[in-house]
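A.B. asks: Dropping the sequence and predicted coords here.
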Number of protein chains: 2
Amino acid sequence: MISEKMRPLIENNSVIRVMFEEGKRLASIYGAENVFDFSLGNPNVPAPKEVEQAIYDTLRAEDSCFVHGYMSNAGYEDVRETVARSLNARFGTGFHQNNILMTVGAASGLNVILKTILNPGDEVVVFAPYFVEYGNYVRNYDGQLVVISPDTSTFQPNLEELSQRITAKTKAVIINTPNNPTGVIYSDETLRQMAQVLENRQKELGTEIVLISDEPYRELAYDGAEVPYVTKYYANTVVCYSYSKSLSLPGERIGYLVIPDEMADSQAVFTAATIANRVLGCVNAPSLMQRVIKRCIEMGAQVNLAAYEENRNLLYGGLKKLGFSCIRPEGAFYLFVKSPVEDDKAFCAQAQKHNLLFVPGSSFACPGYVRLAYCVSREQIERSLPAFARLAEDYGL
Amino acid sequence: MISEKMRPLIENNSVIRVMFEEGKRLASIYGAENVFDFSLGNPNVPAPKEVEQAIYDTLRAEDSCFVHGYMSNAGYEDVRETVARSLNARFGTGFHQNNILMTVGAASGLNVILKTILNPGDEVVVFAPYFVEYGNYVRNYDGQLVVISPDTSTFQPNLEELSQRITAKTKAVIINTPNNPTGVIYSDETLRQMAQVLENRQKELGTEIVLISDEPYRELAYDGAEVPYVTKYYANTVVCYSYSKSLSLPGERIGYLVIPDEMADSQAVFTAATIANRVLGCVNAPSLMQRVIKRCIEMGAQVNLAAYEENRNLLYGGLKKLGFSCIRPEGAFYLFVKSPVEDDKAFCAQAQKHNLLFVPGSSFACPGYVRLAYCVSREQIERSLPAFARLAEDYGL
């Protein structure tokens, strides 16, 4: 019954999602408070009160058929205009509503833009460690994933290898900053150099290469770190955004694509992406949540970082003290910890004996590491530290 | 920039959606009250008050991180269990939560099941007139659409042709009852015979053929007409459902797939479909709306038909009196009217001169007809009748 393309996906069902189900199973046996699930990027910070208020206000002030009805497949014009203006005010860009396409989260946005541009055999470059779903999204459209090896000293992108691996078949490069799973942010300097590499190679090859910037963690930057706006560096940039993290709405599936005027064939790409959004079956981003975004546009730009920052400091500090090795994350809510043994899956299995759940780095094409999501309660981190201490003992740290 | 697969889609951008944009344009010129837009299936009946109440109750009673957070990709277990039990109570089926996969509307459900089962070159049979997007969904997975010619006397499916057109490559048959665009309902007898055809051909060919029943109009049946539950006729049935029409929530993108135990490889299909839902980028159906469905499960089963029925009678009666020819719809909210001239697009263009917007039948692979969606206000129908009268005069009716 199952298509040939889906069969390997069943066999390699997302480790992250399997872990999520495993966490629920363990919690039912040992009690939720005794299971330390660091596997899933499901924000534990509740949506700001303003979201709830915006839902009430929308239902009270706006017509039901309008709020819950079909709109243009790209989204409500006023919502898209509000998003454009907010980006312009924050980043000095010059977007208008026809640069903004509301999507069913960033994952759907990635599918929409990949469907829009990929021909079978086209290559899409990613930097290890990368979110494993990128591979599935690219294969949905018969693209080929090209993986740049990780620089494990800094986890910044290896631009020399990027330049070498770009071919006439390279259609897109996906970046993710602040990064899942490492927490690093690509600096102004990094983006400047990356843009130069892409422009040079475009010119040499006579091709267009789309830089897809997947930015669900944009607002999660600590210590005042700047997260540069990528469209300002490189014309052929498409931004995939989601409110999953900034407004703590991952289940609601609300985000947008930015397709700037500067991009080659910009208008045709926008039209095609709008159609792709429709024919992939999304039709449009959920309507009530679009209305909510309009009312909460300021909230989405100023996420309350305190809780995540406290968690980062507590977990990073705790693990370093126990002898674990990892770089200090600048953004997002992940810690990418070096496995004390080469086999990161074995390390995860050992951790599970202490009811500690995290995801092996091999799921991010970066074996020898594990990812811990610290978007959990402070209490979970505090209660988990003795379990981490026992895990450290297991490895003689 | 645009992929080869998307290019023809830009050229043939959905006539329905273009019409929707045209309606907005005309309304801005002539005033909304002077434009008679019958082009889009956007319910004008507002969502029942219970939906709004369910949103309030959910936000008050349930934890924010739970309501807006990630859940299993198939949807919340309790919501799926509630849907299964409701179907069992209404139709005497025996579903459980692992037969129900919550989706981003029925369009996404169709994509999910097609991605799950289709290999390139597999054939998917549809009956003309059919919803034109089926072709795009099938092509997303490199399937081949096989169109059974319409029986324009009854608009019931031509089962003899179905039997002849099924080959070893036939992977699925899509039906839609109550039907868009004709309003007919497939009877118990029709479904019994169709199941027999499929079973016979399966046996002869040694294949499995999936019957995909697209049912967003299930509750919209007039005059007490029964809409039989398709899984009871044929084991390899998958149901695609949406609350777009029954709860007037088309913009919210909430529906489900039913993958029954009786289906071949049922569990593997359910697992693969859950993964397809994830990798297509939907991840999960919008979370708040899932919670709402649980609270409104009874409402979704007993849609208030009165408004649509009144519209049907008014428009059908009015058009018949003016000399137009069409069959009386038993369900859904569409009238499929015979064009007075062979060229249905020319007829639509002529109608547009009277600010009457409807969709040519050629968009449903059934030229010579036009579709009128009567999910509009009673006032619009009343005000539009003089315009229809002028249109009838144009053709000497």
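C.D. replies: On my side now, so go ahead.
A.B. asks: Show me what from the stretch 101-250 of chain A comes close to chain B.
C.D. replies: A:104-105, A:107-112, A:115-119, A:133, A:136-137, A:140-141, A:208, A:210, A:248-250 (Cβ under 8 Å from any Cβ of the partner chain). For glycine as for every other residue, the C-beta is placed from the backbone atoms N, C-alpha and C.
A.B. asks: now, which of the residues you listed lie within strands?
C.D. replies: Among those, DSSP state E puts A:Val210 in strands.
A.B. asks: Whichever of the residues of the stretch 101-250 of chain A next to chain B end up buried, select them in ChimeraX.
C.D. replies: Restricted to buried positions by 16 or more other Cβ atoms under 10 Å in any protein chain shown, the ChimeraX selection for these reads:
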select /A:104,105,107,108,109,110,111,112,115,116,117,118,133,136,137,140,141,208,210,248,249,250
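A.B. asks: if you look at the residues of the stretch 101-250 of chain A next to chain B, which of them are in helices?
C.D. replies: A:105, A:107-112, A:115-117, A:133, A:136-137, A:140 (DSSP state H).
A.B. asks: The residues you listed: which two are farthest apart?
C.D. replies: Spatial extent of those (Cβ to Cβ) is set by the pair A:Gly105 and A:Ile117 at 19.2 Å.
A.B. asks: Next, count neighbours for A:Lys49.
C.D. replies: Residues near A:Lys49, counting by other Cβ atoms under 10 Å in any protein chain shown, number 10.
A.B. asks: Ok, A:Met102 next?
C.D. replies: Neighbour count of A:Met102, defined by other Cβ under 10 Å: 28.
A.B. asks: Geometric centre of chain A: which residue is closest?
C.D. replies: Centroid-nearest residue in chain A, with Cα atoms, centre = their mean: A:Pro216, separated by 4.7 Å.
A.B. asks: which residues sit against stretch A:301-318?
C.D. replies: Outside stretch A:301-318, the residues that touch it by Cβ atoms under 8 Å, 6 or more residues apart in numbering or on different chains are A:44-45, A:48, A:86, A:90, A:219-222, A:245-247, A:326, A:328-329, A:333, A:335, A:372, A:374-376, A:378, A:381-382, A:385, A:388.
A.B. asks: Filter those down to the buried ones.
C.D. replies: Buried among the contacts of stretch A:301-318 by 16+ other Cβ under 10 Å: A:44-45, A:48, A:86, A:219-222, A:245-247, A:326, A:329, A:333, A:335, A:372, A:374-376, A:381, A:385, A:388.
A.B. asks: A:Tyr241 falls within a helix, correct?
C.D. replies: No: using DSSP: H, G, I helix; E, B strand; the rest coil, the assignment for A:Tyr241 is strand, not a helix.
A.B. asks: May I have the beta-bridge partners of it?
C.D. replies: Per DSSP bridges, the residues bridged to A:Tyr241 are A:Tyr256.
A.B. asks: How confident is the prediction for it, by pLDDT?
C.D. replies: A:Tyr241 carries a pLDDT score of 98 in this model.
A.B. asks: Tell me which residues touch it, please.
C.D. replies: A:Ala106, A:Gly109, A:Glu215, A:Pro216, A:Arg218, A:Gly255, A:Tyr256, A:Leu257, A:Val258.
A.B. asks: Could you identify which of the residues you listed has the most neighbours?
C.D. replies: A:Gly109 (31 neighbours).
A.B. asks: Return the residues in contact with it.
C.D. replies: A:Leu101, A:Thr103, A:Cys240, A:Tyr241, A:Ser242, A:Gly255, A:Tyr256, A:Leu257, B:Gly281.
A.B. asks: can I get those in a markdown table with distance to B:Val184?
C.D. replies: Listed next are these as a markdown table, based on distance: Cβ to Cβ, whole Å:
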| residue | distance to B:Val184 |
| --- | --- |
| A:Leu101 | 36 |
| A:Thr103 | 35 |
| A:Cys240 | 42 |
| A:Tyr241 | 44 |
| A:Ser242 | 42 |
| A:Gly255 | 39 |
| A:Tyr256 | 40 |
| A:Leu257 | 39 |
| B:Gly281 | 35 |
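A.B. asks: what's the closest of these to B:Leu145?
C.D. replies: B:Gly281 (23.6 Å).
A.B. asks: Show me where chain A dips below the pLDDT cut-off.
C.D. replies: Along chain A, segments meeting pLDDT under 70 span A:14.
A.B. asks: Tell me where it has helices.
C.D. replies: Under DSSP H, chain A gives helices at A:7-11, A:15-30, A:49-61, A:64-68, A:77-91, A:105-117, A:133-140, A:159-165, A:188-205, A:266-279, A:287-295, A:306-321, A:344-352, A:378-394.
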